[in-house]
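# curious how this folds, go ahead:
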Amino acid sequence: MFNLKSRSGAAAAALLFAVASLFGCGEEEEPPPGPGPYRMDEPKYALANVELAFNGNDAGLLDKCLADPFLFYFDPNDVGQRANGYVMPGSWARADFLRAAQNMFARAQRISLNNNWRAVGSPDPKENFYAAYNVPLKIAVVVDANESYVLDDGMCDYEFEKDADGTWHVVNWRDRSRAAGCIGPFTLGRILAKFYL
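Residues are numbered from 1 along each chain as shown. Reported below is the predicted structural model:
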């Protein structure tokens, strides 16, 4: 919670207001089917739950959205680069991705993720695999008044699999922010890597 009477609280509140304005513009979107979490009977609802998990600091919900096995692929331009002393690999397995996300959830005062889940189409009902490519992503993470990370022009590819119960899960998540022309200092992978250690 911010103390607006202090300088750091006021600065953090101003930063949150600026970040919120990044996400408030754009086309009207269809309303979600209730407050969530959503039944993951379509890939887009698995991605909607990922968004809810990040915005609500809910590691348990994020865990339910990911397939086992799951891979997160760093943007190729980030591989081998350092983030807080951590050298980013080509990919993370499920446990590594969840570790970074859980650390972020524990440290951040505010996370705002928009993964454009409504833009993800629907697969043929007979299919067990679905892919959504070039999906825009925005994220802002505020740790405190002196530490925040913003990506407002990210791009990701997602691959989904349906299990025997008809539930869709994210099986592969590829950060393609730099390849898509991201010009800021951060990609999704770079932000997550800052919380890995």
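
# ranges for the helices of this protein?
7-24, 43-55, 59-65, 94-107, 188-193 (DSSP state H).

# and these, which one is worst for confidence?
With a mean of 44, helix 7-24 has the lowest mean pLDDT of the helices of the chain.

# and the nearest residue to Leu47 once chain neighbours are set aside, what is it in contact with?
Sequence neighbours aside, Trp117 is the residue nearest to Leu47 in space, at 3.9 Å (criterion: CB to CB, 6 or more residues apart in numbering). Quick note: C-beta positions are derived from backbone N, CA and C, even for glycine. By CB atoms under 8 Å, 6 or more residues apart in numbering, Trp117 lies in contact with 44-45, 47-48, 50-51.

# what pLDDT does Trp117 get?
96.

# any idea how far Arg99 is from it?
24 Å (CB to CB, to the nearest Å).

# ok, Met40 - how many residues close by?
23 (other CB atoms under 10 Å).

# now do it, the pLDDT please.
96.

# grab the nearest non-local neighbour of it.
Using CB to CB, 6+ apart and skipping residues adjacent in sequence, the residue nearest Met40 is Ala46, 4.4 Å away.

# identify each buried residue in stretch 66-77, please.
Buried residues in stretch 66-77, counted by 16 or more other CB atoms under 10 Å: 66-67, 70-75, 77.
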